[in-house]
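1. Sequence below, structure please.
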Amino acid sequence: MEKLETLIEKTIQQLGYELVDLEISNRGKLLRVYIDKPDSVTIDDCTLVSNHLGHVLTVEQDLDYDRLEVSSPGMDRVLKKLADFERFKGERASVKLRMPLDARKNFLGTIDGTEKDTVLLLCEGELYRFALSNIDKARLSPEFKR
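-> The predicted model follows:
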């Protein structure tokens, strides 16, 4: 899986995109790739990356999959790397921890940046520090105004 992720990440970076997430499901038959770029992802971007990845995976990787899906990460995008938390500083995010902090695993707050390998999240007026290694899942949690 790591070799596949490295190949996909390198390939899409050469095209000018960022790999946000990679999922393999349906017993390995569905390969789902989420991409991003600074000025948002269009359907043409997804088509370009899908076509290019299809060719690369056929030549470079011995992977038996039936379907390749390439899409944008959406407004509730996954946050995995420290760089993701820095990029979306000031945005609202939900964070689920592997090991509880103050008897809680789930937090919703505003990203306040990072320090070394730690994510800072402001929740209900209190600043929490989470080691990136203790974050099980994190996503942006946009607020929609009426």
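2. Next secondary structure after the top helix by length along the chain?
-> Using DSSP state H, we find that the single longest helix of the chain is helix 43-60. Using DSSP states H and E, the helix or strand that follows helix 43-60 in sequence is strand 67-71.
3. mean confidence for that following strand?
-> Strand 67-71 shows a mean pLDDT of 94.
4. Against which helices or strands is that strand packed?
-> With contacts taken as 3 or more CB pairs under 8 Å, 6 or more residues apart in numbering; DSSP states H and E, strand 67-71 sits against strand 30-36, helix 43-60. For every residue, glycine as well, the C-beta is placed using N, CA and C.
5. Now do the end-to-end distance for stretch 131-146.
-> The first residue of stretch 131-146 is 35 Å away from its last residue (CA to CA, to the nearest Å).
6. and for it, what are the contacting residues?
-> 75-82, 85, 88, 91-99, 101, 105, 108, 117-119 (CB atoms under 8 Å, 6 or more residues apart in numbering).
7. Tell me which of the residues you listed fall in strands.
-> Judged by DSSP state E, the contacts of stretch 131-146 include 92-99, 101, 105, 108, 118-119 as members of strands.
8. could I get the residues you listed as JSON lines with distance to Tyr128 and neighbour count?
-> Below are the ones in strands among the contacts of stretch 131-146 laid out as JSON lines (distance: CB to CB, whole Å; neighbours: other CB atoms under 10 Å):
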{"residue": "Arg92", "distance to Tyr128": "14", "neighbour count": "15"}
{"residue": "Ala93", "distance to Tyr128": "12", "neighbour count": "22"}
{"residue": "Ser94", "distance to Tyr128": "13", "neighbour count": "16"}
{"residue": "Val95", "distance to Tyr128": "8", "neighbour count": "25"}
{"residue": "Lys96", "distance to Tyr128": "13", "neighbour count": "13"}
{"residue": "Leu97", "distance to Tyr128": "10", "neighbour count": "18"}
{"residue": "Arg98", "distance to Tyr128": "15", "neighbour count": "12"}
{"residue": "Met99", "distance to Tyr128": "13", "neighbour count": "10"}
{"residue": "Leu101", "distance to Tyr128": "7", "neighbour count": "14"}
{"residue": "Lys105", "distance to Tyr128": "12", "neighbour count": "14"}
{"residue": "Leu108", "distance to Tyr128": "11", "neighbour count": "12"}
{"residue": "Thr118", "distance to Tyr128": "10", "neighbour count": "16"}
{"residue": "Val119", "distance to Tyr128": "9", "neighbour count": "24"}
